[in-house]
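Engineer: Build the 3D model from these lines:
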Amino acid sequence: RARAEADAARLRDAQERGLLIAELPIDQIDEGAMVRDRMVMNDEDMQELRLSIAANGLRLPIEVYEMAAPDGQGPRYGLLSGYRRLHAVRALHELTQAEKHSRIRALIRPRTETDAAFVAMVEENEVREELSHFERGRIAVIAANQGAFANTEEAVNRLFATGSKAKRSKVRSFALIFEELGDMLRFPEALTERRGLRLSAALRNGAEARLRQALSMRGPENAEEEWDLIEPVLQSLESGPGTPSRGGRPRLKPPRYGWVDEMTLRTTSGVEIRRGRDGRGHILRLEGDPLTDDLMESLMLEIRALLER
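Structural biologist: The predicted model follows:
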């Protein structure tokens, strides 16, 4: 009897800690209980996942938490992780009507704080398939707006705590784009890092109204057409008073004082980075064949984004 009670206690403990796998009806799971960080799903990847599940079954269970369901109606569980796996099993059930695809293996996790749930979701997607810059910024804003974090700044710092300072700075830049232009952009996923940093810099300089006006001129059919609406606004700002023209390199005045070399770093690509100072301040000198004009412009935008925080 004592052994049976001990086994029952261990079973209850495992259940409370969310360590037991259960088979749940797919219609009892609400995949929309949390706003997802992943905006789009690749059709080819989803087809591959469906074929894999059909042939070999579900290898990795999804994770859910129990929801309040008044009068026993509606979904009983909210999805924490495994959005694609649940989607694939539902598609298989719709296609085959097979009983085996009407249920899915799941870990029922304890009720958790909203902030921890968002962190877990982001961590899963960053490990499985890295999120885009815009997706990172978007989920940070949404998590803050839903009360999981005090503000977007805290959301970025908590959701991407393991990332570098530079990475978190980029996330904040794309969060700003989502906040101010998210309802206007049709192809935000296509924004490259360089374009996104230019766009966020313009927004910080008060260009929201001009950009919204430009984006409302016509409905673009693809990402390049959308960028063609944005680019003229950015160019006018970047070539305005106090900003060197993109067409040429500003002439540097010779230093008044001698250069003092303080540190030298070399990258695996052959770039040498030297840090020094003269009588007027700190200086970074970069040398190497990989340093194209485009790369240098991107580096300058990165540095500016870091210094604005």
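Engineer: which regions of the stretch 101-250 of the chain lie under the pLDDT threshold?
Structural biologist: Flagging of the stretch 101-250 of the chain using pLDDT under 70 yields the residue ranges 110-130, 146-147, 240-250.
Engineer: One more pass at 90, please.
Structural biologist: 105-169, 171, 178-190, 194, 201, 204-207, 209, 213, 216-220, 235-250 (pLDDT under 90).
Engineer: so where do the helices sit in it?
Structural biologist: Ranges of helices within the stretch 101-250 of the chain are 114-128, 133-145, 152-159, 165-181, 193-204, 208-215, 223-238, based on DSSP state H, counting those that start in this stretch.
Engineer: Ranking these by mean neighbour count, which comes first?
Structural biologist: Across these, the average number of neighbours (mean count of other C-beta atoms under 10 Å) peaks for helix 133-145, which reaches a mean of 24. To be clear about C-beta, it is placed using only N, CA and C from the backbone, and glycine gets the same treatment.
Engineer: ok now it, how far from the chain's centre?
Structural biologist: Centre-to-centre, helix 133-145 and its host chain are 7 Å apart (C-alpha atoms, centre = their mean, to the nearest Å).
Engineer: pull the CA atoms of that helix into CSV?
Structural biologist: The C-alpha trace of helix 133-145 is given here as CSV (Å, rounded to 0.1, in the frame of the first residue of the first chain):
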residue,chain,number,x,y,z
HIS,A,133,13.7,40.8,-38.0
PHE,A,134,10.1,42.1,-38.4
GLU,A,135,8.6,39.1,-36.7
ARG,A,136,10.9,39.7,-33.7
GLY,A,137,9.9,43.4,-33.5
ARG,A,138,6.2,42.6,-34.0
ILE,A,139,6.0,40.0,-31.2
ALA,A,140,7.8,42.3,-28.8
VAL,A,141,5.2,45.0,-29.4
ILE,A,142,2.3,42.6,-29.1
ALA,A,143,3.6,41.0,-25.9
ALA,A,144,3.9,44.5,-24.3
ASN,A,145,0.5,45.5,-25.6
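Engineer: all strands for the chain, in order.
Structural biologist: With strands called from DSSP state E, the chain shows them at 21-25, 29-30, 62-66, 77-81, 103-109, 260-266, 272-278, 281-287.
Engineer: ok, and the closest non-adjacent residue to the residue nearest the centre of the chain?
Structural biologist: If you average the C-alpha coordinates of the chain and look for the closest C-alpha using C-alpha atoms, centre = their mean, you land on Arg136, 1.8 Å from that point. Among residues not flanking Arg136 along the chain, Val171 sits closest, at 4.6 Å (C-beta to C-beta, 6 or more residues apart in numbering).
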